[in-house]
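>>> What would the 3D arrangement of this be:
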Amino acid sequence: MRKYVKCFSLSVLLVASAAMGAVADDTAKLRAELDKLEASLTALKQQVSAQPTQVKPAAQKQAATPSAQVAVAPAQPAIASQPSVADNAPAVITETEWQAILAEIEYLKVENEYLNALLGEPSGELASADGMTTSATRRQSIEELRARVAELHGSQPQPASASSDASAEDALSLNGLSVAGFIDIASNHNHNTSDNSIGLDQVEIDLVKDFEGRAAFLADIEYVHDGAGAFDFDLEQGYVTVHAGHTQKWSFSLGKFNAPIGWEVLEPADYLTNSYGLVFTYGLPTNFTGLMVSTQFPSVFDWKVYAVNGWDVNADNNTEKTFGTRLGITPVEQFNLGLSFLSGAEQDNNNASRRTVLDADMTLYATPTWTVSADVSYGMESKAISGTEQGTWSGGMLMNRFSLSNRFALTFRGDYFNDTDGLRTETIQERWAVAAAPSMSIVDGLGAIFELRYDKSNRMSFTDNDGLSTDHEITSSLLFDYAF
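Numbers count the residues shown, from 1 in each chain. Predicted coordinates:
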């Protein structure tokens, strides 16, 4: 039976950030996928259970023995031409095979429920060993089950039903091309200046194509607000990944991808607050264009190394490359530590000045409902001050996430950033920020986050309602995000 029904196992990796994976599959997208797959499995089980069977008298006499066989009536009428006796004969399968099919469906349903439960964990990301999300693999297993059922009934593979579930599933996977995305609508209010805005913030379409586990490509196409009332099309990510190796699996990704450094992630559908922290905003890159090699060692370690054009540029702005690496350590499922290093020339037409960053991020699942996350970063850039002196900066972030129920959560974040020489904020200053963000899952795929944030500086870095400089700022925002 196992040679017809693919028996697959999933490796579940709870990571600190979506930035750790070459593919950013957010939890809301996966949850919607798993819900559709659950409906498909239920429909398939009903189809199998409802199939009429005919038992030969000879088989009835042996019903109590392990070798009992059940003759299944053909699902389609015989063709008009005179068939042979063999063509008319119903397919004969054992009761054990039928039970194995039903058991396989139940196994997939239980595993589906387990993955859905894990998706309820904050910042959880589910990935297979090669870093690709498992929803496509799950659909493939369901289709193989359907094909096996159809084979046993002497018919061609057919969808479980003509329901909207089947149509939605087909729409999500067109010839192996998975389509997902999100729509982001936000309202932002600056309490210092009384500025208020509401509207569409971002629309993104994510395309993923997997070539039987040997290679894959990903493209994240976004229509994003430019901050000045207009919108721009952008390619947030676009890369090809080739997998190699037998005993030790290696992945080679070439193109534009999210920077695998720090704890916070770029996607609105993935983060837990509406705003980014100070370390993410001022101290780290968000995207790279170049080559990244990644692998995962059994149980504890995963490793990435990359050579890229530089910080947030598509074409290199000098003749030097930026090199970096990240080592992920997961000694137990409840704890993950990431250690990152990168260094390269980042100034336009200047190879002499080098920017270097060391970063450590951490996630601790303290209890099933309480998650603690942290990020500490230190950066320096040589010959950045007057062309001769080195400048430095440092910062940290601490976040606590409390899952109050399956639908409600509360997140608190505290940030600190010290721009010692003014290289990152254009002002020599120390800044602090605190944010509180209750969130709610309204329906599957649709969520809302409200955030209240307070920023403080030891310099007059903000503006009040009268246009005068001040040392603090209060903002609030409401975000609705629909992932599909």
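>>> Mind checking what helix or strand follows the helix or strand containing residue 182 in sequence?
Secondary structure from DSSP states H and E places residue 182 in strand 177-190. Later in the chain than strand 177-190, the nearest helix or strand by DSSP H and E is strand 195-211.
>>> And the contacts of that next one?
23, 29, 132-133, 136, 176-190, 216-225, 231, 236, 267-268, 479 (Cβ atoms under 8 Å, 6 or more residues apart in numbering). (Glycine included, C-beta is placed from N, CA and C.)
>>> Can you tell me the strand partners of it and which way each runs?
strand 177-190 (antiparallel), strand 215-225 (antiparallel) (DSSP bridges).
>>> which parts of that strand are buried?
By 16 or more other Cβ atoms under 10 Å, the buried positions in strand 195-211 come out as 201-204, 206-210.
>>> Are any of the contacts of strand 195-211 buried, and if so which?
When these are checked against 16+ other Cβ under 10 Å, the ones flagged as buried are 23, 29, 132-133, 136, 178, 180-190, 216-222, 224-225, 236, 267-268, 479.
>>> Residue 447 and residue 438, how far apart?
Distance of residue 447 to residue 438, computed by Cβ to Cβ, to the nearest Å: 11 Å.
>>> out of the two, which sits in the busier spot?
Neighbours per residue (other Cβ atoms under 10 Å) separate residue 447 from residue 438, with residue 447 holding more: 21 against 15.
>>> If you count neighbours, what's buried in the helix or strand containing that one?
Taking DSSP H and E as the definition, residue 447 sits inside strand 446-457. Neighbour counts over strand 446-457 (16+ other Cβ under 10 Å) mark 446-447, 449-453, 455, 457 as buried.
>>> Sheet-wise, list the partners of that strand with their directions.
The strands beside strand 446-457 in its sheet (DSSP bridges) come out as strand 429-443 (antiparallel), strand 472-483 (antiparallel).
>>> Who are the packing partners of the following helix or strand past that strand?
Reading on from strand 446-457 to the C-terminus, the next helix or strand found by DSSP H and E is strand 462-463. When contacts are defined as 3 or more Cβ pairs under 8 Å, 6 or more residues apart in numbering; DSSP states H and E, strand 462-463 packs onto strand 469-470.
>>> Now do the strand it packs on: which elements does it pack against?
Where contact means 3+ Cβ pairs under 8 Å, 6+ apart, strand 469-470 is packed against strand 462-463.
>>> what stretches of this protein score poorly on pLDDT?
The chain contains residues with pLDDT under 70 at 1-174, 268-270.
>>> if I've got this straight, residue 421 is in a helix?
No. According to DSSP: H, G, I helix; E, B strand; the rest coil, residue 421 belongs to no helix; its state is coil.
>>> so what's the closest residue to it other than its chain neighbours up against?
In space, residue 421 comes closest to residue 391 once its chain neighbours are excluded; the distance is 3.5 Å by Cβ to Cβ, 6 or more residues apart in numbering. Contact analysis of residue 391 by Cβ under 8 Å, 6+ apart lists 380-381, 384-385, 420-423.
>>> how about a cut-off of 6 Å?
Residue 391 makes contact with 381, 384-385, 421, 423, according to Cβ atoms under 6 Å, 6 or more residues apart in numbering.
>>> next one: residue 277
Counting by Cβ under 6 Å, 6+ apart, residue 277 has contacts 264, 397, 415.
>>> Distance of it relative to residue 284?
Distance, residue 277 to residue 284, using Cβ to Cβ: 10 Å.
>>> same deal with residue 182?
Relative to residue 284, residue 182 is positioned 23 Å away (Cβ to Cβ).
>>> repeat for residue 300
Distance of residue 300 to residue 284, given as Cβ to Cβ: 25 Å.
>>> Please say which of the two ends up with more neighbours.
residue 284 (25 against 11).
>>> residue contacts, the closest residue to that one other than its chain neighbours?
Distances taken as Cβ to Cβ, 6+ apart place residue 262 nearest to residue 284, at 4.7 Å, with adjacent residues excluded. Neighbouring residues of residue 262 by Cβ under 6 Å, 6+ apart: 280, 284, 359, 361, 375.
>>> What separation do you get for the residue lying closest to the last one once chain neighbours are set aside and residue 331?
When the adjacent residues along the chain are set aside, residue 375 lies closest to residue 263, with 4.0 Å between them (Cβ to Cβ, 6+ apart). Using Cβ to Cβ, residue 263 is found at 18 Å from residue 331.
>>> who's more crowded, the two?
Taking other Cβ under 10 Å, residue 263 and residue 331 do not tie; residue 263 has more neighbours (29 against 11).
>>> Secondary structure of that one: a helix, I assume?
No. Under three-state DSSP, residue 263 sits outside any helix and is assigned coil.
>>> Assess the claim that it and residue 361 are in contact.
Yes. Using Cβ atoms under 6 Å, residue 263 is in contact with residue 361, at 3.9 Å.
>>> isn't residue 234 right next to residue 220, touching?
No. The pair residue 234 and residue 220 fails to qualify as a contact (Cβ under 6 Å) at a distance of 9.0 Å.
>>> How is the chain divided into domains?
18-167, 178-483 (automatic domain parsing).
>>> Hmm, residue 305 is touching residue 325, no?
Yes. Residue 305 is within contact range of residue 325, at 4.5 Å (criterion: Cβ under 6 Å).
>>> where exactly do the helices run in the stretch 251-400 of the chain?
Taking DSSP state H, counting those that start in this stretch, the helices of the stretch 251-400 of the chain run over residues 278.
>>> The strands paired with strand 195-211: which one's closest to residue 247?
strand 215-225 (19.3 Å; Cβ to Cβ).
>>> Give me the contacts around that closest one.
Strand 215-225 has contacts (Cβ under 6 Å, 6+ apart) with 23, 201-210, 231, 233-234, 236-238, 240-242.
>>> next SSE after it?
Remark: after strand 215-225, the chain's next helix or strand is strand 231-244, criterion DSSP H and E.
>>> tilt between that next one and strand 215-225?
Relative orientation of strand 231-244 and strand 215-225, computed by axes from the mean of the first three to the mean of the last three Cα atoms, to 10 degrees: 170 degrees.
>>> other SSEs contacting strand 231-244?
Strand 231-244 sits against strand 215-225, strand 250-258, with contacts defined as 3 or more Cβ pairs under 6 Å, 6 or more residues apart in numbering; DSSP states H and E.
>>> Against which helices or strands is the shortest one packed?
In terms of contacts (3+ Cβ pairs under 6 Å, 6+ apart), strand 250-258 is packed against strand 231-244, strand 287-296.
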